[in-house]
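Trainee: Using only what follows, build the 3D model:
(one chain, ligands or ions: 1)
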Amino acid sequence: MPLTIRRPRAGHPRPFRSPEPEGSTVAQPLLEVEQLQAGYAEPVVGPISLQVHPGEVIGLAGPNGSGKSTVLSVLTGRAQRFGGRVHTRSGAGIACQSQAPYQGGELPLRGDELLALMGADPGILPEPLQPLLRRRIDRLSGGQRQSLLVWSVLGHPGGLVLLDEPTNNLDARGRQLLIEGLTRLDARRGALVISHDADFIRQVCHRVVTLEPGGRLQQTEAAA
Ligand SMILES: Nc1ncnc2c1ncn2[C@@H]1O[C@H](COP(=O)(O)OP(=O)(O)OP(=O)(O)O)[C@@H](O)[C@H]1O
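Mentor: Residues are numbered from 1 along each chain as shown. The predicted structure follows:
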């Protein structure tokens, strides 16, 4: 089946912020996925192609089971690449939030300890969430834990940010804080964001890549 790739529409509400100084060549992508086929014992997604440049937030949408998390899992080594090519910019570093969040484990950390382990500045956490820094992760509510984990990933120094359903369990305030955080993402960084929340995708993303059932790329378009 042919793939339809549409150019972004004009007038998108999220202006692209180029991190490159004037006169420089076009920025190398932080992530380049070309005709990727990926899965576990056998392929479950692809072939799909997408790019994330510095200054861009790219959405990855599609129905349950279409292979969105599998695309991210190739980058973290939890899924296999059966074909195509995945290239991350040398030295960029990857900050990844998976869909199954860290619950606290055997030796539960406090919020500030988690951020320290992630190399994240605690100041990244918006003021209303600062009290979470002094709380044990295993004693947080689902939404509080999700907020802390997502913000620890935003505070991680990696240039490529991968977020899998970051708004899960978040209330309206937590969701809005995250929208603001992603909108302010450092222009040298880029993000690939999986979400079923179409309004969130529309607000934070420059483009959205939509997988169809069965995992083929359906379309790439501006997120407005
Ligand atoms: N560890 C695994 N081993 C084998 N198959 C898997 C594994 N993880 C996922 N799958 C299968 O791969 C397919 C794609 O799953 P994936 O989690 O990537 O979809 P998704 O689009 O992220 O779905 P959702 O929206 O429900 O999170 C599904 O058929 C799923 O059953």
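Trainee: and the longest helix along the chain, which residues are buried?
Mentor: When secondary structure is assigned using DSSP state H, the longest helix within the chain turns out to be helix 142-155. Buried residues in helix 142-155, counting neighbours by 16 or more other CB atoms under 10 Å, are found at 143-155. The way it works is simple: take the backbone N, C-alpha and C, and place the C-beta from them, glycine included.
Trainee: Which residues does the helix or strand containing Leu115 contact?
Mentor: Taking DSSP states H and E as the criterion, the element that holds Leu115 is helix 111-117. The contact list for helix 111-117, computed with CB atoms under 8 Å, 6 or more residues apart in numbering, reads 102, 109, 121-122, 124-125, 132-135, 137, 140, 148-149, 151-152, 155.
Trainee: go again using 7 Å as the cut-off
Mentor: The contact list for helix 111-117 (CB atoms under 7 Å, 6 or more residues apart in numbering) reads Pro122, Leu132, Leu133, Arg134, Arg135, Ile137, Leu148, Ser152, Gly155.
Trainee: That one - what's its average pLDDT?
Mentor: Per-residue pLDDT values across helix 111-117 average out to 94.
Trainee: can you pull the buried residues of it?
Mentor: With burial defined by 16+ other CB under 10 Å, the residues of helix 111-117 counted as buried are Gly111, Asp112, Leu114, Leu115.
Trainee: out of the residues you listed, who's nearest the ligand?
Mentor: If you rank the buried residues of helix 111-117 by distance to the ligand using CB to the nearest ligand atom, Leu114 comes first, at 23.7 Å.
Trainee: residue ranges of the strands in the chain, please?
Mentor: Along the chain, counting by DSSP state E, strands occupy 4-5, 31-39, 43-52, 57-61, 80-88, 94-97, 160-164, 190-194, 207-211, 217-222.
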